[in-house]
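Engineer: Following is a predicted model, sequence given first.
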Amino acid sequence: MAPYWANRSCDPFGARDEACVKGTYLQYAVQVESVSDITRTVQFAGSRNLRLVIRNTGHDYFGKSTGAGAIGLWMHKMNGFDAIDFNSSYYNGKAVRVAAGALSADTTAKAHQHGLAIVGGNCPSVGLAGGYTQGGGLGPLTSRYGLAADQVLEWNVVTVNGTLVKATPEQNTQLYWALSGGGGGTFGVVVSMTVKAYPEERTASANLTFSSAGVPAQTFFDILETFHSCLPTLSKAGGTAIYNIQQTGFALIPATLPGQGKDSLDSMLDPVITKLKSFNITYVYASIEANTYFDAYEKMNPPSETSYFQIGGRVLPQHALNDNYGQLMQSLKDILDYGAGIGGLSYHVPESGDGRFNNSVNPRLRSGALSLTIGTVWDDINWTLDIANQELMTEVLIPAVDRLDPTQRTSYLNEADFREQQWQEVFYGESYRKLLHVKQMYDFQNLLWGRTAVGSETWLERNDGKLCRSF
């Protein structure tokens, strides 16, 4: 998905006389169809000191799903699904068990056939049990039910010694805690995951687009400020807004409000519509009330292009935005002036019944209100520009957001700058020390390595992509 990690190996956009080499691609891949495939591969890699990579869809901005000289576990064929009644001391109710390769969109559709909804990603191609949930998991239902990691009831996982274990809040509890938010491909090879499922319910959804052509910059950002000031009300009501801002205009794609009707959503977004009308700006607004979340998702989520971007991100708490939307607009303007694009997801994670969460999600992600993703377009033929844009992201664009809250820099683990220098603090927060302890318990050889993953300091990555021990 992120072309940078292919390192121009066999690049169709390169010079005709360039050598075609594997480079940073996987050297070998095992198409996993059973637990024994995982067990034998893990044992083989460990006994021969081979780099091991877990790969599902390749939906990854950090290059964790490939690696120079590595053998890969390709999990995509493990796509089983079961809707079950789950009974335990910590949960009794409907649940869904999915295999490691199950995609978010496919699982959502299958759950819908049973009258159920689950917390999944907005992008249909994310692997539900992989880096998405293991990385915390933001999505359209986050404000309604919580993060994806908050839904996990149990993990079935093969540890690096080749043993299949079950991790729950009562069994292998530290492994359960680490897998639920501590990052994918780090603590073991997940075979399947069981998550809470909820009854389908009516859902309102809305899209809004307008162009910046012919609109004065001050007016454009005045409208954006009004839009952002509407988001806390939507989030507290259990809704989310997913949107894109570019120099050419704005697109809300979509706002989602489960459990409520079209009139409620229209009312929450009305200040933006009123502002557009007051400036006589042409816009397109559409809202619906569907009988189920699945129907709303299918009708109002257009296909999105997630590749060919180099990204960075920050999560902002509500206190950094309160009465400070003007400064947010200035930061957004500074970013857009460099030709970058901005994606946003507004949310509010509801509290648990007892006020506690038994997982390793960065607490600052949990208390966040707005996840911003900044992207620069990948240029297939200008490698020098692409590298320059990486430096721009780290040194200019992300700091433009940090001005809003310089004391608590936080990124959503799945959408961040891989060059982040303080990644342990920014990505994992106060959970990192305990996560590192669990990593040493279950993978003391550090067989599973990923860029910015817990424990990755143990290795140094050479210019050719190979790993050497860090002593």
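Structural biologist: Done, it's in.
Engineer: all helices in the chain, in order from the N-terminus.
Structural biologist: 35-47, 104-113, 133-134, 142-145, 173-179, 217-236, 262-278, 293-300, 325-337, 363-366, 383-392, 398-402, 423, 432-442 (DSSP state H).
Engineer: Please identify the deepest-packed of the ones you listed.
Structural biologist: Neighbour counts (mean count of other C-beta atoms under 10 Å) averaged over each of the helices of the chain peak at helix 133-134, with a mean of 30. (C-beta placed from N, C-alpha, C; glycine too.)
Engineer: Got the domain ranges for this structure?
Structural biologist: 81-199, 203-423 (automatic domain parsing).
Engineer: picking up where we left off before, looking at the helices of the chain, which is nearest to residue 156?
Structural biologist: helix 35-47 (8.4 Å; C-beta to C-beta).
Engineer: what about the most centrally placed residue in the chain, distance to residue 181?
Structural biologist: Central residue check for the chain by C-alpha atoms, centre = their mean: the C-alpha nearest the mean position is that of residue 414, 3.8 Å away. Noted for residue 414: a distance of 11 Å to residue 181, by C-beta to C-beta, to the nearest Å.
Engineer: Need the residues touching each of those two.
Structural biologist: Common neighbours of residue 414 and residue 181, using C-beta atoms under 8 Å, 6 or more residues apart in numbering, are 135-136.
Engineer: ok, and what's touching stretch 7-25?
Structural biologist: Everything outside stretch 7-25 that qualifies as a contact, by C-beta under 8 Å, 6+ apart, is 5-6, 63, 66-68, 380-381, 383, 465.
Engineer: Just the buried residues out of those, in PyMOL syntax.
Structural biologist: Selection of buried members from the contacts of stretch 7-25 for PyMOL, criterion 16 or more other C-beta atoms under 10 Å:
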select buried, resi 5+63+66+67+68+465
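Engineer: Now for the contacts of stretch 7-25: which two are most distant?
Structural biologist: Going by C-beta to C-beta, the pair spanning those furthest: 67 and 381, at 25.3 Å.
Engineer: tell me which helix or strand of the protein sits lowest on mean pLDDT?
Structural biologist: Ranking every helix and strand in the chain by mean pLDDT, DSSP states H and E puts strand 467-469 at the bottom, with a mean of 90.
Engineer: sorry, back to before: quick one: which of the helices of the chain is nearest residue 185?
Structural biologist: helix 133-134 (7.9 Å).
Engineer: I figured residue 273 hits residue 285, correct?
Structural biologist: Yes - counting by C-beta atoms under 8 Å, residue 273 touches residue 285, with 6.2 Å between them.
Engineer: which neighbours do those two share?
Structural biologist: Counting by C-beta under 8 Å, 6+ apart, the residues touching both residue 273 and residue 285 are residue 208.
Engineer: What residue in the protein is the furthest from its centre?
Structural biologist: Max radial position in the chain (C-alpha atoms, centre = their mean) goes to residue 17, at 38.1 Å.
Engineer: How much space separates that residue from residue 398?
Structural biologist: 38 Å.
Engineer: Residue 58 too?
Structural biologist: In terms of C-beta to C-beta, residue 58 sits 24 Å off from residue 398.
Engineer: quick one on the thing from earlier: tell me if I'm right that the residue nearest to the centre of the chain and residue 139 touch.
Structural biologist: No - at 10.8 Å, residue 414 does not count as touching residue 139 under the criterion of C-beta under 8 Å.
Engineer: ok, the closest residue to residue 81 other than its chain neighbours - contacts?
Structural biologist: Nearest-residue entry for residue 81: residue 110, 4.9 Å, with adjacent residues in sequence omitted and distances by C-beta to C-beta, 6 or more residues apart in numbering. Contacts of residue 110 were listed using C-beta under 8 Å, 6+ apart, and they are 81, 83, 96.
Engineer: closest to residue 210 among these?
Structural biologist: Closest to residue 210, out of all of these and judged by C-beta to C-beta, is residue 96, at 38.1 Å.
Engineer: list the contacts for that closest one?
Structural biologist: 81-84, 107, 110-111, 116, 118, 194-195, 197.
Engineer: Ok, residue 318 next?
Structural biologist: Per C-beta under 8 Å, 6+ apart, neighbours of residue 318: 232, 369.
Engineer: same deal with residue 106?
Structural biologist: 79, 81.
Engineer: circling back to that earlier point, could you export the contacts of residue 110 as JSON lines, including pLDDT and distance to residue 28?
Structural biologist: Formatted as JSON lines, these follow (pLDDT from 0 to 100; distance: C-beta to C-beta, whole Å):
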{"residue": "81", "pLDDT": "97", "distance to residue 28": "29"}
{"residue": "83", "pLDDT": "98", "distance to residue 28": "36"}
{"residue": "96", "pLDDT": "98", "distance to residue 28": "33"}
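Engineer: any chance of those residues in TSV, with distance to residue 293 too?
Structural biologist: Listed next are those as TSV, based on distance: C-beta to C-beta, whole Å:
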residue	distance to residue 293
81	17
83	16
96	14
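Engineer: what sits against residue 319?
Structural biologist: residue 405.
Engineer: For it, give its distance to residue 367.
Structural biologist: Residue 319 is 9 Å from residue 367, by C-beta to C-beta.
Engineer: repeat for residue 16
Structural biologist: 53 Å.
Engineer: out of these two, which sits in the busier spot?
Structural biologist: The neighbour comparison of residue 16 against residue 367 (other C-beta atoms under 10 Å) goes to residue 367, with 15 against 4.
Engineer: Would you report the backbone torsion angles of that one?
Structural biologist: Dihedral pair for residue 367: phi -90, psi 10, per degrees, to the nearest 10.
Engineer: which residues touch it?
Structural biologist: Residue 367 neighbours (C-beta under 8 Å, 6+ apart): 317, 349.
Engineer: Check residue 161 too.
Structural biologist: 42-43, 46.
Engineer: Identify the residue nearest residue 461 in space, chain neighbours excluded?
Structural biologist: Using C-beta to C-beta, 6+ apart, the closest residue to residue 461 is residue 467 (5.9 Å).
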